[in-house]
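> Here's my sequence, what's the structure:
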Amino acid sequence: MAGAPRGSGGGSEDGHRRGLPPLRLRARVRQREGDRRGRAREDRRGHGEEGGPVHRQQGAWRPLWNTFHRPELVLPACKKTLENFGLDYLDLYLMHWPMAFKEGDESFPTDAEGNFITEDIDYVDTYLAMEECVRQKLTRSIGVSNFNSQQILRVLKASIKPVMNQVECHPYLNQKRLIEFCRARGIQVTGYSPLGAPNTVWAPGAPKLVEDPRLAQLAARLGRSVAQVVLRYLVQNRVIAIPKSTNPTRLKQNISVFDFQLSEEDMEFIDGMNSNTRTCPFFQCKNDKNYPFVGEF
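Numbering: from 1, shown residues only. A predicted model of the protein is given here:
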């Protein structure tokens with residue numbers, strides 16, 4: 001992960017050659033279990049609560065939540081994050097969404113129709129304020145999350161280039177064009193919900209990737225789990241996958257994806273499963289002018 005969370009050496013040659021040091025994914029898998037509750041508190045209840053410690057060797061990254069997009073709030077929010085998690089600096093600070101939410105105590109301010117209440121704040125202005133976090137050495141690098149190609153082009157006019165775009169990515173939403181677009185501009189891609197978020201509350205009734213019989217058949221032929229096949233697919237597409245699990249067996253499976261490869265035919269087969277299906281469509285913001293899931297990619 002260029003200029004972002006750091007590892008401490010090691011990792012297979014295959015992982016490095018394909019753009020994803022295995023240690024980074026392993027650190028992410030370990031971090032997701034211990035860090036999940038602290039991140040949820042900060043993301044969804046604001047930056048005023050205590051967080052748990054984040055271990056430096058895992059790489060420390062945090063998101064800037066939507067209620068803190070006004071430029072004057074960005075630097076204080078970053079400082080509060082560092083205080084909450086007992087850190088001197090972050091390796092990566094991400095703008096979580098391009099939409100700005102109404103400021104206040106509610107992390108998800110909602111109107112009578114159930115839509116999130118947004119504010120007219122240009123995400124470019126927010127990003128420019130994040131640059132000051134780098135200049136003050138509060139974070140080593142900055143990036144974005146859930147940005148489309150046109151939004152990234154606007155941000156690239158800033159002085160400090162984003163090193164990362166974190167987006168939903170899995171076989172039902174493989175993001176191939178966006179990945180190519182980002183990598184051509186030196187931006188790494190992190191894939192959240194790589195297993196399709198089977199228990200998501202954002203898209204009830206969405207098909208469950210891990211139960212797809214096509215993947216089950218492929219996994220059985222390879223002697224692997226469906227999750228391992230999916231994660232390997234993302235690794236070979238040079239995506240930094242961040243699976244989430246609290247099951248010890250699944251955690252071990254999720255990091256055991258560097259001792260096999262998918263053939264070109266297997267990769268093309270999984271490519272064919274793309275249906276642009278999102279498990280986190282964030283429809284409650286679809287009327288906001290900065291809603292990212294519009295256009296080609």
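> show me where pLDDT drops low in the stretch 101-250 of the chain?
Residues of the stretch 101-250 of the chain meeting the criterion pLDDT under 70: 198-206.
> quick one, helices of it?
123-135, 149-155, 176-184, 213-222, 226-236, 248-255 (DSSP state H, counting those that start in this stretch).
> Can you redo these as a markdown table, where the extra columns are mean neighbour count and distance to L75?
Every C-beta, even on glycine, is put in place using the N, C-alpha and C of the backbone. Formatted as a markdown table, the helices of the stretch 101-250 of the chain follow (neighbours: other CB atoms under 10 Å; distance: least, CB to CB, whole Å):
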| stretch | mean neighbour count | distance to L75 |
| --- | --- | --- |
| helix 123-135 | 19 | 6 |
| helix 149-155 | 17 | 18 |
| helix 176-184 | 16 | 26 |
| helix 213-222 | 14 | 45 |
| helix 226-236 | 24 | 34 |
| helix 248-255 | 16 | 36 |
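> For C285, find the nearest of those helices.
C285 lies closest to helix 123-135 among the helices of the stretch 101-250 of the chain, at 12.6 Å (CB to CB).
> ok so, going back, kindly reformat the helices of the stretch 101-250 of the chain as TSV containing distance to L92.
Listed next are those as TSV, based on distance: least, CB to CB, whole Å:
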stretch	distance to L92
helix 123-135	10
helix 149-155	15
helix 176-184	15
helix 213-222	31
helix 226-236	19
helix 248-255	21
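> Kindly export stretch 103-117 (C-alpha atoms) in PDB.
C-alpha atoms of stretch 103-117 as PDB (Å, rounded to 0.1, in the frame of the first residue of the first chain):
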ATOM      1  CA  GLU A 103     -23.200  18.700  11.500                       C
ATOM      2  CA  GLY A 104     -24.300  17.800  15.000                       C
ATOM      3  CA  ASP A 105     -24.400  15.000  17.500                       C
ATOM      4  CA  GLU A 106     -26.100  12.500  15.100                       C
ATOM      5  CA  SER A 107     -23.700  10.600  12.800                       C
ATOM      6  CA  PHE A 108     -26.600   9.700  10.500                       C
ATOM      7  CA  PRO A 109     -28.900  12.700  10.600                       C
ATOM      8  CA  THR A 110     -32.200  11.600   9.000                       C
ATOM      9  CA  ASP A 111     -35.300  13.400   7.700                       C
ATOM     10  CA  ALA A 112     -38.900  12.300   8.000                       C
ATOM     11  CA  GLU A 113     -38.600  10.200   4.800                       C
ATOM     12  CA  GLY A 114     -35.600   8.300   6.100                       C
ATOM     13  CA  ASN A 115     -33.000  10.100   3.900                       C
ATOM     14  CA  PHE A 116     -29.800  11.300   5.300                       C
ATOM     15  CA  ILE A 117     -29.600  15.100   5.700                       C
END
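> quick one: buried residues of that stretch?
Neighbour-count burial for stretch 103-117, counted by 16 or more other CB atoms under 10 Å, picks out 103, 107, 109, 116-117.
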